[in-house]
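Chemist: Predicted model, plus sequence, below.
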Amino acid sequence: MGTEDTHYEGCRRWWTDSVTELRLPGHGAEGGVPSHPAAAAVDRVRGSIVEHTEPPVVVGLSYLGAAVAFRAAETLPDRVAGVVMSGYSFLVSPGTLNRWLEGFTRIAARQQRTRDHFAELHGRNWEKLLTATFDELSDGCLRLPGLDDLRQFHAPVQLVNGALLQNERNAIGPAAAAGADVAVVAGAGHVVPVDAPRVFAASVEEFADRVDTGRTAFHERRRAAARTLHTAATTKNADTTDASAGEGAHV
């Protein structure tokens, strides 16, 4: 729930491609929290996507940012080149995320130092954002992308997680099996762009290059499906030819 300054400042010196940074509604010093901040965030990201003359790679961090990036991109299948999600697991349920958020709230209620840290990291509206996020998870306005969503997604997806959190290490294998490109960053935790900005920037841009050249897991799956269809069609044609030849032999 932080801002582009909090999460991506370290990456700025390493980007070589053009990057458009977006602040999600209600985050940082932005005044006011929308009643449905995730929905407002999806709208903001979609608006930025359509402003690009070339389809961009959309990058989202953590469970809110990654979900917003994914949901915004899935509504614009012809306008997005790919999606990078970081600090995310396609295995986490809304109930699990709710328990984590409740835990953050309880810790902050007991520890002023933690409250100050959250305010510095996420902005002065962090408590209202958490409450609104609880509500959106409950009413379905915020839908966390799962493995089925990933399998059906219309563009390449890369999952970039840190190696220090077991939950996010465990997310890598299932994501790869469902068709994502994956990367595990040594020495990084949940917020990879902060812990390893140079590696994160390089991973995103290398993925974007492979999107351009058709060298992603998504593209390979499409080629494999095309080969399967071609083989099936060839076999069917061969069977038809054999059957016709057999009928001619018996005339």
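Modeler: Perfect, I can see it now.
Chemist: helices and strands of the chain: which one bottoms out on pLDDT?
Modeler: helix 217-249 (a mean of 75; mean pLDDT, DSSP states H and E).
Chemist: which residues sit against the helix or strand harbouring residue 70?
Modeler: Using DSSP states H and E, residue 70 maps to helix 62-74. If you take Cβ atoms under 8 Å, 6 or more residues apart in numbering as the criterion, helix 62-74 is touched by 1, 24, 38, 41-42, 45-46, 49, 58-60, 80, 83-88, 92, 97, 133, 142-145, 149, 153-155, 157, 190-191. From N, CA and C alone the C-beta is placed, and that goes for glycine too.
Chemist: Report the mean per-residue pLDDT for it.
Modeler: Averaging pLDDT along helix 62-74 gives 94.
Chemist: Toward the C-terminus, what is the element adjacent to it?
Modeler: Moving toward the C-terminus from helix 62-74, the next helix or strand (DSSP H and E) is strand 82-86.
Chemist: Which strands or helices does that following strand pack on?
Modeler: strand 57-61, helix 62-74, strand 157-162, helix 197-213 (3 or more Cβ pairs under 8 Å, 6 or more residues apart in numbering; DSSP states H and E).
Chemist: Quick one: mean pLDDT over it.
Modeler: Throughout strand 82-86, pLDDT has a mean value of 98.
Chemist: what helices or strands is the next helix or strand after that strand leaning on?
Modeler: Counting by DSSP H and E, the next helix or strand C-terminal to strand 82-86 is helix 94-110. Judged by 3+ Cβ pairs under 8 Å, 6+ apart, helix 94-110 is in contact with helix 112-122, helix 126-139.
Chemist: Check which residues of the longest one are buried.
Modeler: Burial within helix 126-139, assessed by neighbour count using 16 or more other Cβ atoms under 10 Å, is assigned to 126, 127, 129, 130, 132, 133, 134, 136, 137.
Chemist: That's all I had, so thanks and see you.
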